[in-house]
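# predicted model, plus sequence, below.
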Amino acid sequence: MSQEIKYISLADLVLWTENPRDPIDPRASDQDVVNRAIADSGSRWNLAKLAREMGGYYDYSELPTVVFHGKKPIVYDGNRRMVLGKIKHEFVSVNDFDLELPDFPIQIPCNVCSKDIALQNVFRKHADTGSWLPLERDIFLDKHMKKEKTRFLLIEENTGLISANPHLNQRFVKEEIFRDDILQKLGFAFDGERLLSRHSGSEALAVLDDLSRKIKEKAISTRSNRGKVFEILDPENQRIIDDHKRSKLRTIDLKGSGDATDEVDTGQRRSRRTKSRGDELFGGPLYLRIGQVSNLYRDIVDLHSFYLEHKRRLSDAFPSLIRMALRLLCEAAAKEGSQSMDQYVKARFKDAKNTLSQDKKTTLANQNVAESSIMQLLHTGAHNYAASSNMDQTLAISLILGAMLTASHGKSEGK
């Protein structure tokens, strides 16, 4: 099939969960997609601006691109307009969405085509127009167009650095910072799709975090210190790089656990030091906006590190302190949004869970951390020390709480 125009009921059109603008769990419903679009934590949807630009009526000259998956008509292009239409006709439910929406027809003329044609059309319309950021473009090319992964995408897949620091998701960083020659000067390289480093996990993270901070603070940009990547780093990180110039390159897993495959080179072959991912509070580092919630989060991470280092001489009840601290953190986040803790959790749990990997979702299920149980589990921390000393369950609670905090208090451009 090439392309043809078909009228399809707005109610039947299915929003694309793999939209590069804001991908979501493939099993998510239209309501889930709309909830993400309304929350718009990354300013990707801009529904209010689109509604104003559309004026008072739906423009029939802009056809949504639709691909039938079996009997399901999936909207590959035009999702933002279809979101507004579904809200207008109450095919989805929203709260506190006070926008004047244009008139929408119930039957929408659509460009129905094959998946290959739809993907080509989507790429042509969005890839180079500025509506996609560099990482979104690279993910689309890899996932949908089967192109070779860029260094930029490989940095993200091996470290999670770009998605955790949105200010890195820019063309300047892709083209002038995360290049092979610059990475080599900093002590990094790639073997196929695997990240290698001359540094230990903690040292590698220190170098990359320092670089990220310097880019955010514009110590290096298209106008300042251009090309001087090594020179703008803090002196201690410059020393790390200089000290390791002759060290062996080793596979390193910075997205999982820092030193996951860190070897000690003493002239003899030794077993690799492994650090259990299951021991990580919040599933890994969070990058939160400066404020009370971020301060409290850092204190809890330090408390957990103390526990891991000294747990042989601590009492069995010590983990209950971490559980109580998680409750306090959740309460602080809710208070900043003028919500009760219960309101905060109910508003964010489902979307936060959708951002987790399947392994982490399985961890939640195994520890009975669900939307219906999490409030009781948090309150247990303050009243039942024996129950709240279950460290595995506390770690599971921290996974979902970390995802909620990232959505409500995560760093974003200009903040």
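Structure's in. What do you need?
# flag every buried residue along stretch 47-64.
Going by neighbour count (16 or more other CB atoms under 10 Å), the buried part of stretch 47-64 is 47, 50-51, 54, 58, 63-64. All C-beta spots, glycine's among them, are computed from the backbone N, C-alpha and C.
# so which of the residues you listed are in helices?
If you go by DSSP state H, these have 47, 50-51, 54 in helices.
# closest to Asp359 among those residues?
When these are ranked by distance to Asp359 (CB to CB), Leu47 comes first, at 32.8 Å.
# report pLDDT for the closest one.
We have a pLDDT of 88 for Leu47.
# one more: the one 3 residues further on?
pLDDT for Leu50: 90.
# kindly report the same for Leu154.
95.
# burial check on it, number of neighbours?
Per other CB atoms under 10 Å, the neighbour tally for Leu154 reads 19.
# now swap in the one 4 residues further on and tell me
The burial metric for Asn158, expressed as a neighbour count using other CB under 10 Å, is 21.
# follow-up on the earlier one: okay if I get the ones in helices among the buried residues of stretch 47-64 as a markdown table plus distance to Arg137?
Formatted as a markdown table, these follow (distance: CB to CB, whole Å):
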| residue | distance to Arg137 |
| --- | --- |
| Leu47 | 22 |
| Leu50 | 21 |
| Ala51 | 26 |
| Met54 | 26 |
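# related to what we said a few turns ago, quick one: which of the buried residues of stretch 47-64 is nearest Glu18?
Proximity of the buried residues of stretch 47-64 to Glu18 (CB to CB) peaks at Pro64, which lies at 15.4 Å.
# report pLDDT for the closest one.
At Pro64, pLDDT is 95.
# remind me which residues of this protein are low pLDDT?
For the chain, applying pLDDT under 70 flags the ranges 1, 41-42, 96, 128-130, 255-279, 312, 381-388, 412-415.
# helices of the stretch 301-415 of the chain, start to end?
Along the stretch 301-415 of the chain, counting by DSSP state H, counting those that start in this stretch, helices occupy 319-336, 341-354, 358-366, 374-383, 391-409.
# between these, which one is closest to Cys113.
Of all the helices of the stretch 301-415 of the chain, helix 341-354 sits nearest to Cys113, with 28.4 Å by CB to CB.
# what's in contact with the closest one?
24-25, 28, 32, 35-36, 39, 327, 330-331, 333-334, 337, 339, 361, 364, 371, 374-375, 378, 400, 403-404, 406-408 (CB atoms under 8 Å, 6 or more residues apart in numbering).
# how about 7 Å then?
24-25, 28, 32, 35-36, 39, 330-331, 333-334, 337, 361, 371, 374-375, 400, 403-404, 407-408 (CB atoms under 7 Å, 6 or more residues apart in numbering).
# now do the buried residues in that helix.
By 16+ other CB under 10 Å, the buried positions in helix 341-354 come out as 341, 344-345, 347-349, 351-354.
# equivalent analysis for stretch 100-120, please.
By neighbour count with 16+ other CB under 10 Å, stretch 100-120 contains the buried residues 101-102, 104, 108-113, 117-119.
# want to throw the residues you listed into JSON lines with secondary structure and distance to Trp16?
Converted to JSON lines, the buried residues of stretch 100-120 look like this (DSSP: H, G, I helix; E, B strand; the rest coil; distance: CB to CB, whole Å):
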{"residue": "Leu101", "secondary structure": "coil", "distance to Trp16": "21"}
{"residue": "Pro102", "secondary structure": "coil", "distance to Trp16": "21"}
{"residue": "Phe104", "secondary structure": "coil", "distance to Trp16": "18"}
{"residue": "Ile108", "secondary structure": "strand", "distance to Trp16": "15"}
{"residue": "Pro109", "secondary structure": "strand", "distance to Trp16": "18"}
{"residue": "Cys110", "secondary structure": "strand", "distance to Trp16": "13"}
{"residue": "Asn111", "secondary structure": "strand", "distance to Trp16": "14"}
{"residue": "Val112", "secondary structure": "strand", "distance to Trp16": "14"}
{"residue": "Cys113", "secondary structure": "strand", "distance to Trp16": "14"}
{"residue": "Ile117", "secondary structure": "helix", "distance to Trp16": "15"}
{"residue": "Ala118", "secondary structure": "helix", "distance to Trp16": "10"}
{"residue": "Leu119", "secondary structure": "helix", "distance to Trp16": "11"}
